[in-house]
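> Structure here, sequence nowhere to be found:
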C-alpha cells in the first residue's frame, strides 16, 4: 500500500487500493483486514483516515465490520454472480415515449394476486406505520378544525423544521425556510424540472433510471440524454463532461444515493467532480434522495446538496420509500430556484393537505423515525441478501446481479439475446410480477435486464417466486 | 304576458317577462305574484312551466317564496345599491403577469390579526368539519396500514363512487371510472389546461375571474382572452362567438356557477348556446364548479357537463369551499381527455394521499354531506345579506354591489377614479384585509373594484370592519 503523494481524499485512495487487492485475489472473501492502528502506523497516515477508508468500503458492502473483532472482506464481494455491465447508451438525446409501457406495468404491480417483485414501493405491512397513523388520528380528532385550512404553499412550518433538522444527519445545515413540502417526490421533481427547463430541452439522466422520471420527462416534453452508468459507482463524470462540451443540456437529474434500479451510489470525490463540472457549465443539478435513508453502511451517504458550495443543486426527497407511501409527503430544497418553485407549487396544486403534515411533524418530533429506519434498513438488507441467494441458485449462471449498498431493488442482466418482455408475459401467466428492463430507458435499452423489488416481507411465496422466475428465464434461454 | 310562439325554454321567456315588469316598476318589491294556477290558466301554459319560471327567479334572488303564501318580488331586487357594470375587457389576448400581486395579497389574507374579508376560503370554525375529522381519525387508527400504499392515479374507488353518485343532484349520470381525484380543484385545472393547451396558446376566461386561475395561466405560459361578463348573467356568448371567429382559442375556462368574484350564474339557455358554439369551433370547455353546492335557490344549478351532449367539457371541482379546504381533495371528469389527464396526474404527482380520501368516502357514505350543505348555504346567504346591508349604510352611495345567488363573495364597484390599491394599503394599516380588484384581471383592470369575502362566522368585528372599510372608501373619494 503505497500512499504517496497525499491528496485531499487520501482515504479514498486507500479504499481503492484495498478493492484492487480484493479484485486481484490478494485479499480473499472472509479475510480479516489489518487493524486500523496497524495500517496507520505502517503507512504513516492518521487513524481517522484508515477508519474512513474502511467505513467507505463497509458502506459499499465490500467490507463487513464485526464488533470487537475488526473488518473483514465481505463474502458476497466474490459471490456466484458478477456485476451488471456499465451501460453504454447512445450519445443522442431521445424523445421519451414510455407512458404506454409504464401504464402496462402499473396495471400489474399492485395486483395482490401476483408475487410482488415489480413494485418499487415497500409493502405496508413491512413499513409498520402504526405510530404515524396514530399521530394522524390524534391530530384529526383533537385539532381537525384548527387545520381545516389552506396552509402556506411552502407547507406546515413545524414539519419543515423537523425535516430541516434531519439534514444534520448528512452534515448539511438547512433552515425550515429553505424547504417546500410537496405531494411526494414526484411533485418535487415536476416543480424542479418546470422551474429550470422548458418543452424541447434536454435533460441528462442515469441509464438505467426510474421509469417514473422518464414518464415525467415525456409529459413535460423534455428529451433525455442517457449517461453511461456503472452499477457500482454511478454515472461516468467524464462522459457527462464530453456531453456538456458538445450539447445543450438544461439540467441533470440524478439519484443522490442508491438509484433505482441499480442501487449504486457515487463516491464523494465523483460527486464533487460532477458538481464542479456542472457549475462550470451553469447546468443545474436536480437530485432525488428518496433512498438515502435506506443505507446499509454505517453512515448516511451525503447527497449532492451537502457537497455543493455553489447552490446549483435542487434537492428532492420524500417519506414514500422508508415510512409512508400513502401519505404522499415529499419536499424540495430549491436554493436559487426557490421563488420559481414556490410559484409553481401555488399554480399547480396550491398547497398540500394539512393533517398528514401535522402527523408527520408529530412523528418526527417524537424521535421515533430513527429507530424505525434502523428496523427497515435491516429488513431490506436481509431481503436483498436472501433474494440474491435465491437468484444465484435459480437463474442462468451467466446472470449478472447488482450489489446495492442501500434501497431494496436488484438489477439483473442476462445474456444479450434474452428477452425480458417474453419473460414478463410468461411470469404473469404464472402469477409473478417484476419490472422488465426496457421501461428504465428512454431509448428502450436493457431488454435483456430486469428489476426485482425486495420491498415485501420475505416469505416462502416470494422466495419461491424468485426461484420460479429464474427457472423460467433459464427455460427461455434454452428454448 | 304574451306567450307565443312556444319555445323549448318557455319558462325562461316567462321569467324574462317578469324581470322586465320588475325593472320597469310594474311589479314593486314585496308585491305578491299571481298564483301559479292563475298564470297557468290565464296564459294556457302548464303549471310546471310557471313553477319552473318562478323557481328560476327564486334561484336568482329576484323572487322570494313564502310557504303557504306564494312568490313575492324580493326586497333586495331594488335595494339601495345597483349591480356592477358588465365588464368590457380589451379584445386582445393578454400575457398574464399576476404572480407578484397574488403573492402580495396571500401574504395578508391568512393573517389572523386582520379582519378577514380577503380570503376566498371559508373559516374552519364555520365549516364544522368535526364529523369528517373523526372519520379520518377512525380510518387512520383502524386501517392505517391497509392504506399506507400508493393508490391508483385515478384515486380511491369508493370516494369516486360517492362523488359520482352526487352528480345525480344535477341530473348527470357519472360512473366512478369517469372521475380522477386531484389535489384540490387547482390541480384539476392544471391537469385540464396542460391536456388541452400548450405554452403560448390563448385561453378565454371570465372577467373578472379568480386570480388563482390567472396565476396558473401565467406559470403555464398561457395567454388570457378576457370575455365581457355580466354580474348577473355571466359571460356574453355573442362576444365569445365574435372572438372565436377571429382568434385561435385553445380552450375556454369558466365557472359552472357563482363564479368568484361575481357570484353570477349563466342561465341554462345561455349555457346551451355556449356549448353549441364551442362544439362548432371544436374548442374544449374547462369548468370550475367549486361553488355549485353553495346555491341559495331551491335547486342546484346544472354545470355545463350536464348539458353537454358532445363530451367537449372537462369538469373540475373540490370540497374546499363547502367542507374541507385542509384536505385538498378535488376531482376532474375529463371525458375525451381522460387518458391525457391520467398520464399527467401520474407524471406530476403520482396519486393523492389515501387516508383523506377514505375519510371523505366514509363521510359521504354516511349521508351527512347534504345536511352539512344545507347548514353552510344558510350561513353564507345570511352573511351575504348582512354584509350587503353593512355596505349599503357605510360605502359611498354610488357604490355598486353584486347580488350573488350562491357562494360567499361580494364584488363592489366604485366610481372610476376610485383606487382600491390605495384603499388596500389604508385598510391594512387599520387591520382590515380584502382583495383589491386588479388581481382579478390579466390586463389589471377593475382598479376601482374590490372583493369582500363573507366566509367567516358573522360577528361584530367583521360588521365593524366592513363599515370602517366603507368610511375609508368614502374618505378616499372625498380626499
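Yep, that arrived. Just so it is clear, the structure is predicted and the values come from calculations on it, not from any experiment. Residues are numbered from 1 along each chain as shown, chains lettered A, B, ... in the order given.
> For residue A:412, I want the exact helix or strand it lies within.
Using DSSP states H and E, residue A:412 maps to strand A:409-413.
> Output the contacting helices and strands for the helix or strand following that strand.
Per DSSP H and E, the first helix or strand lying C-terminal to strand A:409-413 is helix A:420-429. Judged by 3 or more C-beta pairs under 8 Å, 6 or more residues apart in numbering or on different chains; DSSP states H and E, the packing partners of helix A:420-429 are strand A:435-436, strand A:449-453, helix A:460-478. In this view, the C-beta of every residue, glycine as well, is placed from N, C-alpha and C.
> among the ones you listed, which is nearest chain B?
strand A:449-453 (13.1 Å; C-beta to the nearest C-beta).
> Whether the closest one contacts chain B - can you check?
No. Applying C-beta under 8 Å from any C-beta of the partner chain, one finds strand A:449-453 separated from chain B by no less than 13.1 Å.
> now that strand, how far from the centre of its chain.
14 Å (C-alpha atoms, centre = their mean, to the nearest Å).
> Tell me which strands it pairs with, and in which orientation.
strand A:409-413 (antiparallel), strand A:435-436 (antiparallel) (DSSP bridges).
> how about TSV for those, with mean neighbour count and mean pLDDT added?
What follows is the strands paired with strand A:449-453, written out as TSV (neighbours: other C-beta atoms under 10 Å in any protein chain shown; pLDDT from 0 to 100):
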stretch	mean neighbour count	mean pLDDT
strand A:409-413	26	97
strand A:435-436	26	96
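> would you list the ones you listed in CSV and tack on distance to residue B:248?
Supplementary listing: those in CSV, determined by distance: least, C-beta to C-beta, whole Å:
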stretch, distance to residue B:248
strand A:409-413, 47
strand A:435-436, 42
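> between those, which one is nearest to residue B:305?
Across the strands paired with strand A:449-453, residue B:305 has its closest neighbour in strand A:435-436 (37.6 Å, C-beta to C-beta).
> Hmm, residue A:33 is touching residue A:74, no?
No. Applying C-beta atoms under 8 Å as the test, residue A:33 and residue A:74 come out as separate, 11.1 Å apart.
> who's in contact with the spatially closest residue to residue A:303 that is not a sequence neighbour?
In this structure, residue A:303 finds its nearest non-sequential neighbour in residue A:256, 3.7 Å apart by C-beta to C-beta, 6 or more residues apart in numbering or on different chains. The neighbourhood of residue A:256, defined by C-beta atoms under 8 Å, 6 or more residues apart in numbering or on different chains, consists of A:287-289, A:291-292, A:301, A:303-304, A:315, A:317.
> Can you tell me which residues in the stretch 201-350 of chain A are near chain B?
Counting by C-beta under 8 Å from any C-beta, the stretch 201-350 of chain A sits next to chain B at A:212, A:215-216, A:218-220, A:320, A:324-329, A:343-344, A:346-350.
> In strands, which of these fall?
residue A:329 (DSSP state E).
> What is the neighbour count of the closest residue to chain B within the stretch 151-300 of chain A?
Nearest to chain B in the stretch 151-300 of chain A, going by C-beta to the nearest C-beta, is residue A:219, at a distance of 3.8 Å. Neighbourhood size, residue A:219 [other C-beta atoms under 10 Å in any protein chain shown]: 21.
> Would you mind putting the helices and strands packed on helix A:420-429 into JSON lines with distance to residue A:65 alongside?
Converted to JSON lines, these look like this (distance: least, C-beta to C-beta, whole Å):
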{"stretch": "strand A:435-436", "distance to residue A:65": "33"}
{"stretch": "strand A:449-453", "distance to residue A:65": "27"}
{"stretch": "helix A:460-478", "distance to residue A:65": "28"}
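> okay, these, which one's buried deepest?
Compared across these, strand A:449-453 shows the largest average neighbour count, a mean of 27 (mean count of other C-beta atoms under 10 Å in any protein chain shown).
> Please find the angle between the direction vectors of that one and helix A:420-429.
40 degrees (axes from the mean of the first three to the mean of the last three C-alpha atoms, to 10 degrees).
> And the contacts of strand A:449-453?
Residues contacting strand A:449-453 (C-beta under 8 Å, 6+ apart): A:84, A:116-120, A:208, A:260-261, A:387, A:391, A:408-414, A:420, A:423-424, A:434-437, A:440, A:466, A:469.
> Recalculate using a threshold of 6 Å.
Residues outside strand A:449-453 that contact it (C-beta atoms under 6 Å, 6 or more residues apart in numbering or on different chains) are A:117, A:119-120, A:261, A:409-413, A:420, A:434-437.
> Between helix A:460-478 and that strand, find me the angle.
170 degrees.
> so what pLDDT did the residue of chain A most remote from its centre get?
Among residues of chain A, the one most distant from the C-alpha centroid is residue A:145; the distance is 38.1 Å, by C-alpha atoms, centre = their mean. Predicted confidence (pLDDT) for residue A:145: 93.
> Spit out the contact partners of it.
With C-beta under 6 Å, 6+ apart, residue A:145 has these contacts: residue B:124.
> How about the one 3 residues further on?
Under the criterion of C-beta under 6 Å, 6+ apart, the neighbours of residue A:148 are B:124, B:127, B:129, B:326.
> Need the max-distance pair from those residues.
Between all members of those, the farthest pair (by C-beta to C-beta) comes out as B:127 and B:326, at 9.2 Å.
> How about the helix ranked longest in chain A and chain B, touching?
Scanning chain A for the longest helix, with DSSP state H as the assignment, gives helix A:368-392. No. Helix A:368-392 is not in contact with chain B by C-beta under 6 Å from any C-beta of the partner chain; minimum separation 12.7 Å.
> who does the helix or strand that that helix is followed by touch, helix- and strand-wise?
Using DSSP H and E, the helix or strand that follows helix A:368-392 towards the C-terminus is strand A:400-401. Counting contacts by 3 or more C-beta pairs under 6 Å, 6 or more residues apart in numbering or on different chains; DSSP states H and E, strand A:400-401 packs against strand A:409-413.
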